[in-house]
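[1] Fold the following and give me the result.
(2 chains, ligands or ions: 2)
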Amino acid sequence: MVKWNRKDLLGLEGLSPAEIKLVLDTAESFKEISTRQIKKVPALRGRTIATLFFEPSTRTRASFELAAKRLSADTVSISSSTSSVVKGETLKDTARNIEAMKIDIIIIRHKCAGAAEMLARAVSSGVINAGDGSHEHPTQGLLDLFTIREKKKKIKGLKVAIIGDILHSRVARSNIWGLKKLGAEIVICGPATLMPPEIEKMGVRVVYDLRKAVKQADVINVLRIQKERQDAGFFPSLREYSREFGINKEVLKDAGKDLLIMHPGPINRGVEISPDVADGQYSVILDQVTNGLAVRMAVLYLLLGETKVKL
Amino acid sequence: MNLLIKGGRVIDPANKIDKVMDLLIEKGKISRMAGSIRSENCRVIDAAGLIVVPGLIDMHTHLREPGREDEETILSGSEAAVKGGFTSICAMPNTSPAVDKEAVVKLILSKAEQAGLVNVYPIGAITKGREGRELAEIGELKRAGVVALSDDGNPVENSRIMRRALEYSRMFDLPIIAHCEDKNFSAGGMINEGRISTVLGLKGIPCFSEENMVARDVSLAKLTGSRIHIAHISSAGSVRIIKQAKKDGINVTAEATPHHFSLSDENLRLFDTNYKVNPPLRTGQDIDAIKKALADGTIDAIATDHAPHSEEEKDVEFDYAPFGMTGLETALGLAIKELVEKRILTVSRLVEKMSLNPARILRLDKGRLDPGSDGDLTIIDLNKEWTVKKEDFKSKSKNSPFIGEKLKGIAAMTICRGKVVYEK
Ligand SMILES: [Zn+2]
Ligand SMILES: [Zn+2]
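    Ligands and ions are numbered 1, 2, ... in the order given. Model prediction:
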């Protein structure tokens, strides 16, 4: 049995398949807690968890905070508007201040790649990367893996298509690392302008024809398209984007009945995914949200550790 | 006091000398070299087992004064230089204010004089304020003492202005040192565009950004018949362009930095901002191409691009950190480790790249040990193993990714104009 020996969770690139499986197995036992009438266990009682979000994301933050609360930890949230960063304080200063408050885990979301890594080196508390620029979003990757495993009972050998803005997507990177480590086959598809160079070296196949990409897919993970990318000239219009890369009924007409459609949210309905598909038979988008909570509980629990929690 | 350096292996590529002998410096000038010299009234330096070469010249140094004296001053930069074995350094003009007026040149020269350690040669800006719009008063700059022109940190984006700069500077026999970067391609970029930038999710700077401008600049040098020197070559593609340009008889020279031949983008894995430089660290293939180009003469010089930055400025998110690493004190050790030890260059060829060729490119009366020439010498201990330590840096800034690294080869003594300015 693998043990969790890390102080931080910064990305899936550095995790072993066994470590990933440990998180998923732990999450399975935590998922059950959320179905109880009293959705709370004392596992992290007396522990303090801070969320430090330099980029707005109500959903991810709520998920982490709820996960902490269900484990009976105290939580404090520091948003970029309330933090002193605007006053010229550095990330490190902010971190040290938080640490002086004896916080056990800092959950950070930041628009710069590497910010979580930097924070982890600066503080002795555990650090969870809740998204750093275009780098990684490991808990999203883990909850996607969890959802796939839950529905398909396996990951090895599955064919997963990731569609959209791969260049700027931390979700794509965490998904690619996690899925590869557990033996899935990955196809990525999106406009060539949003395809990062040498992405094939991460072990994926690049396809520009959406229909070919989703053909025989067991899972389609649809990424969010940001409207700003059009202004930056990555593609001509949202209209053209949705015609070339939007997931709709017509694109899925040959899909098998146990196809899974995933999306990290929030959805641009009618752009990257049509409303009928987002709410349709294949969609597991709401399961992802539910599972996100269980996965985050597992991660918090593992980071603070059985051995580290003394009653 | 006169100096008698005894029993060192004297290497002077200009005169094809490589043998053990004595060297006498009188009144600041090299007066004699012979198998054995006897002289009274002089300090005798035992150089047995050491190498005696013309003082090293760094043709690409950022001294930060005036403007950022917290990061480096002309004095602290001079101290770093002599510790690194340099007797001459060329001060890049991206100070604040920029070196685009006689007064700034004079300030640098007088501060350098006060420091009294190394020869400091100011480089003037090509355009006013390094803004790429109007030519600086190049005649005035020349008279004030600049040895070259550069807008380093910025490319001269407008091709018409670059053409005029090349034509105009020719009247003064000043080379243009080109910082080759196509800002349309590099904007927002932080590291080499490729596998590593993809994995790390950092915006990349493609090699094309540099190569596009190298190609333009050698074409302009051909058009104008002027001299151009390409700074800090980072990519295999740039090497190819320069190699071809030289074959075509275009008057182009080039330099590479120690970090571009010692480090690759793989080193960025931990988002350590000390590796954030511009142009960025490229791949192993680029390193190989640069080494080969140093060996075959496509790249003429090794220059540090010494770019000191304060710890506060570097200790931030990768996006927000400035580009550049400190380089004067590690250059020689890295060059010996990567080039001499790995048999890319002989010691004599290394001295060519670090002294003779920079002097030739900049028309400095340096880089050779002719009797009567200035007593600028570096005594090198090729076999000395040492570890780069943060606390040992003389530079005000310690932004070196090589801290903790073991190097072999170091300056044992630096002599400038006949004066011992550094000894280990
Ligand atoms: Zn430059
Ligand atoms: Zn420079």
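[2] Distance-wise, check the residue in the stretch 151-300 of chain B positioned nearest to ligand 2 relative to chain A.
    In the stretch 151-300 of chain B, the residue that lies nearest ligand 2 is B:Asp152 (4.4 Å; Cβ to the ion). For the C-beta atoms, the positions are set from N, CA and C on the backbone; glycine is no exception. Distance of B:Asp152 to chain A, given as Cβ to the nearest Cβ, to the nearest Å: 27 Å.
[3] Let's verify that residue: helix, strand, or coil?
    coil (DSSP: H, G, I helix; E, B strand; the rest coil).
[4] For the chain, name the helix or strand with the lowest mean pLDDT.
    All of this refers to chain A. None of the helices or strands of chain A scores lower by mean pLDDT, DSSP states H and E than helix A:91-100, at a mean of 85.
[5] Chain B is the one I meant
    Result, chain B / mean pLDDT, DSSP H and E: helix B:311-314, a mean of 92.
[6] Just the CA coordinates for stretch B:175-183, please, in CSV.
    Output of stretch B:175-183 as CSV, limited to C-alpha atoms (Å, rounded to 0.1, in the frame of the first residue of the first chain):
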residue,chain,number,x,y,z
PRO,B,175,30.2,48.7,-34.7
ILE,B,176,26.5,48.3,-34.1
ILE,B,177,25.8,45.6,-31.5
ALA,B,178,22.4,44.1,-32.3
HIS,B,179,20.0,42.7,-29.8
CYS,B,180,18.0,40.5,-32.1
GLU,B,181,14.5,40.1,-31.1
ASP,B,182,11.3,40.4,-33.1
LYS,B,183,9.0,41.7,-30.4
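[7] And the average pLDDT for stretch B:88-108 is what?
    Stretch B:88-108 shows a mean pLDDT of 98.
[8] for that stretch, how far is the first residue from the last?
    14 Å (Cα to Cα, to the nearest Å).
[9] Tell me the predicted confidence for the residue of the stretch 201-311 of chain A found nearest ligand 1.
    Nearest residue of the stretch 201-311 of chain A to ligand 1, counting by Cβ to the ion: A:Ala232, 26.5 Å away. If you check A:Ala232, the pLDDT there is 90.
[10] can you tell me how far it sits from chain B?
    For A:Ala232, the distance to chain B - Cβ to the nearest Cβ - is 10 Å.
[11] thought A:Leu10 was touching A:Val127?
    Yes: contact criterion Cβ atoms under 8 Å: A:Leu10 and A:Val127 qualify, at 6.9 Å.
[12] on that earlier part again, the least confident helix or strand of chain B: how far from the chain's middle?
    Computed by Cα atoms, centre = their mean, to the nearest Å, the chain-centroid distance of helix B:311-314 equals 23 Å.
[13] With stretch A:163-183 instead?
    Distance of stretch A:163-183 from its chain centroid, counting by Cα atoms, centre = their mean, is 10 Å.
[14] do the same with stretch B:114-125
    Its chain's average C-alpha position is 13 Å from that of stretch B:114-125, according to Cα atoms, centre = their mean.
[15] Same check on stretch B:156-174?
    22 Å.
[16] show me what contacts B:Val388?
    B:Glu329, B:Thr330, B:Gly333, B:Ser400, B:Phe402, B:Ile403, B:Gly404, B:Glu405, B:Leu407 (Cβ atoms under 8 Å, 6 or more residues apart in numbering or on different chains).
[17] Kindly list the main-chain dihedrals of the residue in the stretch 301-424 of chain B that ligand 1 sits nearest to?
    Here the residue of the stretch 301-424 of chain B nearest ligand 1 is B:Asp305; by Cβ to the ion that distance is 6.5 Å. B:Asp305 has phi and psi values of phi 50, psi 40 when expressed as degrees, to the nearest 10.
[18] That one contacts B:His62, doesn't it?
    Yes: applying Cβ under 8 Å, one finds B:Asp305 in contact with B:His62, separated by 7.5 Å.
[19] which residues are common contacts for those two?
    Joint contacts of B:Asp305 and B:His62 (Cβ under 8 Å, 6+ apart) are B:Gly324.
[20] Among the contacts of B:Val388, which one sits closest to B:Ser88?
    Using Cβ to Cβ, B:Glu329 comes nearest to B:Ser88 of those, at 15.8 Å.
[21] Need phi/psi at the residue lying closest to the closest one once chain neighbours are set aside.
    Leaving aside its sequence neighbours, B:Glu329 sits nearest to B:Gly84 (Cβ to Cβ, 6 or more residues apart in numbering or on different chains; 4.5 Å). With angles defined as degrees, to the nearest 10, B:Gly84 sits at phi -80, psi 0.
[22] Distance-wise, check B:Gly84 relative to B:Met354.
    B:Gly84 is 10 Å from B:Met354, where distance means Cβ to Cβ, to the nearest Å.
[23] same thing with A:Glu228?
    Computed as Cβ to Cβ, the A:Glu228 to B:Met354 distance reads 48 Å.
[24] Settle it for me: which of those two has more neighbours?
    Higher neighbour count among A:Glu228 and B:Met354: B:Met354, with 30 against 9, using other Cβ atoms under 10 Å in any protein chain shown.
[25] re earlier: which strands and helices sit next to the helix or strand just after the least confident helix or strand of chain B?
    Downstream of helix B:311-314, the first helix or strand assigned by DSSP states H and E is helix B:331-335. Judged by 3 or more Cβ pairs under 8 Å, 6 or more residues apart in numbering or on different chains; DSSP states H and E, the packing partners of helix B:331-335 are helix B:258-262, strand B:377-387, strand B:406-416.
[26] So for B:Glu341, which of the ones you listed sits nearest?
    strand B:406-416 (6.4 Å).
[27] just how off-centre is the closest one within its chain?
    16 Å.
[28] Could you list the low-pLDDT ranges of the stretch 51-200 of chain A?
    Residues of the stretch 51-200 of chain A that meet the criterion pLDDT under 70 lie in A:80-88.
[29] Strands of that one, residue ranges please.
    A:74-79, A:105-110, A:126-132, A:159-163, A:185-189 (DSSP state E, counting those that start in this stretch).
[30] helices and strands around the third one, which ones?
    Helices and strands touching strand A:126-132, as assessed by 3+ Cβ pairs under 8 Å, 6+ apart, comprise helix A:58-70, strand A:105-110, helix A:115-122, helix A:138-152, helix A:285-304.
[31] need these in TSV with distance to chain B and mean neighbour count, can you?
    Shown next, in TSV, are those (distance: least, Cβ to the nearest Cβ, whole Å; neighbours: other Cβ atoms under 10 Å in any protein chain shown):
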stretch	distance to chain B	mean neighbour count
helix A:58-70	17	20
strand A:105-110	7	26
helix A:115-122	5	23
helix A:138-152	13	25
helix A:285-304	20	23
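[32] Adding distance to B:Asn15, write these out as CSV.
    Below are these laid out as CSV (distance: least, Cβ to Cβ, whole Å):
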stretch, distance to B:Asn15
helix A:58-70, 69
strand A:105-110, 58
helix A:115-122, 52
helix A:138-152, 62
helix A:285-304, 67
